[in-house]
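[1] Kindly return the folded structure for what I paste below:
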Amino acid sequence: MQQYREIKARHQDAILFFRMGDFYEMFYEDAEVASRAIGLTLTSRNNGGAAEVPLAGIPVKAAAEYLRRLVGQGYRVAICEQVEDPKLAKGLVKREVVETITPGAVFADDLLDGSRANYVCAVAMGRDTSRDAARDQIGVAAADLSTGELRLFIVTLADAPAVLARLAPRELLLVRNATQPELDAALSVVDNALVTHREGWEFDAQLAADELTRQFDVRSLEGFGLGSDDRAAVGAAGALLRYLRELQPGGLPHLARPLVERPGGIMPLDEMTRRNLELVESLRGGEVAGTLLSVLDRTATPMGQRLLRAWLLAPLLERGAIEQRLDAVTVLVRDPVGRTALREALDGVRDVERLASKAAAGRATPRELRALGDSLARLPQVAKAVRDVLSHANQGGSQGGELAHMLQHWDDGADCAAKLTHMLVARPPLMIGDEDTIAPGVDADLDELRALRDGGKDAIATIQQQERARTGIASLKVGFNKVFGYFLEISNANKHLVPDDYQRRQTLTGAERYVTPALKEYEEKVLSAADRIETRERELFEALRRDAGAAIARWQVVARRVATIDVLSSFADVAEREQYVRPELHDDYDMEIVAGRHPVVERMMAREKFIPNDLLLTSDAQLIVLTGPNMAGKSTILRQVGLIQLLAQVGAYVPARRARLPIVDRLFTRVGASDNLVRGQSTFMVEMSETSAILHTATKRSLVLLDEIGRGTSTYDGVSIAWSVSEHLHDAIGCKTVFATHYHELTQLENELAGVKNFTVAVREVGDQVLFLHKLIPGGADRSYGIEVGRLAGLPAPVITRAKEVLALLEGEGEQMAARLTADGMQAPLSTKRRGPRMKHQLHADQLGFFGEAPAAPVDASATRLKAAVSALDTDSMTPLEALTTLAALKRGAEE
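    Numbers count the residues shown, from 1 in each chain. Here you go, the predicted structure:
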């Protein structure tokens, strides 16, 4: 218990799994926490005269499941092993913590999701002094311990949430007791991450530089592309390395050299766009089904799955890099036979990235090491399939793009694959000692021991035959029990024939049992053979694992190339099966989509039922006001435009008959309504916050897709906000915009702003029924058909009937009011289009502008009284009947 307390004192923030024989035991508070968290039986023990202490234990062989449950609930678990053989120990067995498992630092497959990276991230604030005006920046260091990946990000405060959301870390390292409101706002996008606070000095850039140079054995960080203005990222990396070394006392030999990402190469995707487009998680609860990822994921390897997810969350901004990917997809689309052969070759490749990392960290089991060997053995087939595709492409004049680049300096790993598959049996056990691990013929000593173990029965029969011939006792037999081992049993009737070298061991009622020096010698060989086999196999296996792990840098390169080939072939397979086309990318302004489709929605219905739509955005039609009834498909059109643009910049084919697209620097998609109770924000507040982020971040090269801005408040406020947002996007920013709305008043913008065009989603009325055509046509809608949608949703018939009555009444009053305003000359249409900065309208003296102030009128006492009476009304609390009664009274007063 003293030993336990000393070790626990160094790991107070973790549950300590203390190895005692075949069990991991937990004491004191750890036992109480574990019993509650994973349902263990809580008992107590009196250890060496100490007071009764709480105790809970689990078998070592069942530890994986309990670990998974604890780590899944956000606990840290320190694994304390017996690091010497108890048979050889003098006194207390030596124990040490060999690793600490946290949600962000795990190796075991059952604690990991093979389809996504498992990052632990350190985040630090800094200043960028390279510009004319220094500004805050954030440095992020992200490591995936299971693959050895290390990435550094230098980002602005505005883009930090997008980067952190893309990484989706399981664990965050932050400076302890730091007050950084800007950073807190950026971190708010990270859900369900374990937060670990570290001391501020651990984020010091100079100390961190020393940590990095020592880890990667370099003289400076310049080779990584890091300079004096990257102190935040360097500091974060240093703190992360120090933390990982604490978790893994055995070292980090598999950690790859850092990859540095700066602004400009990747399109930042904010939380609302990622969520609204359902890229990797569904709006219906986070599952993958019904997402863009589910449509595109036809990858054959776990590395490919993870890379596909990463690509979808990081569209490219450099046209050349996008075209390289598209060129690769093109050659694969044009060669279906070659692509099929490639996918068959990839099918047998396991998770090389994580298997190799386990080998380097000394954690790969015999079965995992054989899987690595089998995977590497398939790489020549993968390379051959790629070469065949490229050969056919070259005959047709294509270069192969990114696919050709993957074959440059290709490494099959043939030497390691041959060694692994030669030395290990075809189906190794999970653990050394369960069954044979090393193949026959590899080691002569091992083969001899196995022969001794496996030939034991035959040898015993031979000894028995020899002793019968020697003694003349035909009934002599060789037996075995756990107390005496092997023995010779002779009946009492033959005792007089027993030779002098027989040593009596046991007397029975009718017989005596003896041993001989030769029999004991053989017994020792047979009984020790199994232990010696396990020891020798362990020696050979660990040497083999060290050799494989030493080449970890090779396998990480191999894994990245195989993953890239896998994703490109998946893009090509989807493109051919779903009839996608290659987008035509350009550097101009215009966007043209012909017969565009929503990749997810069309998958959920028969192809002939999905209605494709065209879209054209130009400098003369940069903002489309999209009106139409509920259920007509406005939101689907918005999303499909965003997904087509995103797919193009990922480097994939797009669902359309033709797509001519610009490279956009940002994609904003605000669709639907939601609140955020955790942050204390109402639906309208969330809507306004997201709109504000768009207006502050969008540029002329951006694509903005808006749905129902302003609907979370009163009608007049909503129309006012929607109108002014549209003007700002048109005048001040000039970006390509599609604005879906039920505010039909916004269709007047087409008469006012030069770059606005009205479109609607067509419907057809047949009697009392409404047929939704889902077709985009020029013009504006004058109705929303909300009551019809309510009928389709199953509202009771009396409710529908009453709603129609109220609607007719309100529409009648609206028409009367409009007619009166027009007759009085107070509502003249706005007819002068304008382009560029906002300008004031020259209205007639008696004209009421849409948002302008009413013209001044002579002061009149009766008018003042009428104004006061109207101002005193509480219209929000009035019933329709009270409103009509009050209006009649005001009318009489005005006439008098």
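[2] for the stretch 351-500 of the chain, what spans make up the strands?
    Using DSSP state E, counting those that start in this stretch, the strands of the stretch 351-500 of the chain run over 477-481, 485-491.
[3] Point out the most buried one among those.
    Of all the strands of the stretch 351-500 of the chain, strand 485-491 has the most neighbours on average by mean count of other C-beta atoms under 10 Å, namely a mean of 19. Quick note: C-beta positions are derived from backbone N, CA and C, even for glycine.
[4] Quick one: mean pLDDT over it.
    For strand 485-491, mean pLDDT is 89.
[5] And for stretch 563-570?
    Mean predicted confidence for stretch 563-570 is 97.
[6] Alpha carbons of that stretch, in PDB - could you do that?
    This file holds the C-alpha atoms of stretch 563-570, laid out as PDB (Å, rounded to 0.1, in the frame of the first residue of the first chain):
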ATOM      1  CA  ALA A 563      -5.100   6.800 -48.500                       C
ATOM      2  CA  THR A 564      -4.900   9.400 -51.300                       C
ATOM      3  CA  ILE A 565      -5.300   6.800 -54.000                       C
ATOM      4  CA  ASP A 566      -8.200   5.300 -52.100                       C
ATOM      5  CA  VAL A 567     -10.100   8.600 -51.900                       C
ATOM      6  CA  LEU A 568      -9.500   9.500 -55.500                       C
ATOM      7  CA  SER A 569     -10.800   6.100 -56.600                       C
ATOM      8  CA  SER A 570     -13.800   6.600 -54.400                       C
END
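[7] picking that back up, how about the strands of the stretch 351-500 of the chain, which one is nearest residue 656?
    The closest of the strands of the stretch 351-500 of the chain to residue 656 is strand 477-481. By C-beta to C-beta, the value is 78.4 Å.
[8] what's near enough to touch residue 203?
    Residues in contact with residue 203 (C-beta atoms under 8 Å, 6 or more residues apart in numbering) are 122, 124, 175, 235, 236, 238, 239.
[9] Could you list the domains of the protein?
    Split into domains by automatic domain parsing, the chain comes to 2-101, 114-263, 318-425+541-574, 445-535, 584-795, 859-896.
[10] Between strand 477-481 and the longest helix along the chain, find me the angle.
    Taking DSSP state H as the criterion, the chain has its longest helix at helix 517-550. Between the axes of helix 517-550 and strand 477-481, defined by axes from the mean of the first three to the mean of the last three C-alpha atoms, to 10 degrees, the angle is 50 degrees.
[11] Could you list every helix and strand that helix 517-550 packs against?
    Judged by 3 or more C-beta pairs under 8 Å, 6 or more residues apart in numbering; DSSP states H and E, helix 517-550 is in contact with helix 352-360, helix 366-377, helix 414-423, helix 444-454, helix 456-471, strand 485-491.
[12] Please work out which of the ones you listed is packed deepest.
    Of those, the one with the most neighbours on average (mean count of other C-beta under 10 Å) is helix 352-360, at a mean of 27.
[13] Point out where the stretch 151-300 of the chain drops to low pLDDT.
    For the stretch 151-300 of the chain, applying pLDDT under 70 flags the ranges 285-286.
[14] swap the cut-off to 90 and go again
    Regions of the stretch 151-300 of the chain meeting the criterion pLDDT under 90 cover residues 156-159, 176-193, 219-220, 222-223, 225-230, 250, 263-265, 270-272, 275, 281-290.
[15] quick one on the thing from earlier: among the helices and strands packed on helix 517-550, which comes closest to residue 520?
    The nearest among these, by C-beta to C-beta, is strand 485-491 at 7.5 Å.
[16] Take the helices and strands packed on helix 517-550 and lay them out in a markdown table including distance to residue 561.
    Shown next, in a markdown table, are the helices and strands packed on helix 517-550 (distance: least, C-beta to C-beta, whole Å):
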| stretch | distance to residue 561 |
| --- | --- |
| helix 352-360 | 10 |
| helix 366-377 | 13 |
| helix 414-423 | 15 |
| helix 444-454 | 36 |
| helix 456-471 | 50 |
| strand 485-491 | 58 |
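[17] weakest of these by average pLDDT?
    helix 456-471 (a mean of 81).
[18] angle of that one against strand 485-491?
    40 degrees.
[19] and helix 456-471, what other elements does it pack with?
    Applying 3+ C-beta pairs under 8 Å, 6+ apart, we find helix 456-471 packed against strand 477-481, strand 485-491, helix 517-550.
[20] Just the buried residues of the last one, please?
    Within helix 517-550, the residues scored as buried using 16 or more other C-beta atoms under 10 Å are 519, 522-523, 526, 529, 532-534, 536-537, 540-541, 544-545, 548-549.
[21] and after that helix, which helix or strand comes next?
    Later in the chain than helix 517-550, the nearest helix or strand by DSSP states H and E is helix 552-578.
[22] Can you give the strand pairings for the one helix or strand residue 759 maps to, parallel or anti for each?
    Per DSSP H and E: residue 759 is located in strand 756-766. Take DSSP bridges as the rule and strand 756-766 pairs in its sheet with strand 623-627 (parallel), strand 769-778 (antiparallel).
[23] Report the buried residues of the longest one.
    So that's strand 769-778. 770, 772, 774, 775, 776.
[24] next one: it to chain centre, how far?
    Its chain's average C-alpha position is 37 Å from that of strand 769-778, according to C-alpha atoms, centre = their mean, to the nearest Å.
[25] pLDDT of that strand, averaged?
    For strand 769-778, the per-residue pLDDT averages 80.
[26] Show me what that strand is in contact with.
    With C-beta under 8 Å, 6+ apart as the test, strand 769-778 has contacts from 611, 613-615, 626, 629, 631-633, 636-637, 757-765, 785, 788.
[27] As CSV, the domains of the chain with distance to residue 289 would be great.
    Formatted as CSV, the domains of the chain follow (distance: least, C-beta to C-beta, whole Å):
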stretch, distance to residue 289
domain 2-101, 22
domain 114-263, 13
domain 318-425+541-574, 16
domain 445-535, 46
domain 584-795, 10
domain 859-896, 43
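[28] closest to residue 294 out of those?
    With respect to residue 294, and counting by C-beta to C-beta, the nearest of those is domain 584-795 at 7.5 Å.
[29] hang on, the earlier thing: for the helices and strands packed on helix 456-471, give me CSV that also has distance to residue 753.
    CSV is the format used below for the helices and strands packed on helix 456-471 (distance: least, C-beta to C-beta, whole Å):
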stretch, distance to residue 753
strand 477-481, 98
strand 485-491, 99
helix 517-550, 64
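[30] what element comes up after the lowest-mean-pLDDT helix or strand in the chain heading to the C-terminus?
    In the chain, no helix or strand scores lower on mean pLDDT, DSSP states H and E than helix 797-823, which sits at a mean of 65. The C-terminal neighbour of helix 797-823 among helices and strands, as given by DSSP H and E, is helix 861-871.
[31] Noted, bye for now.
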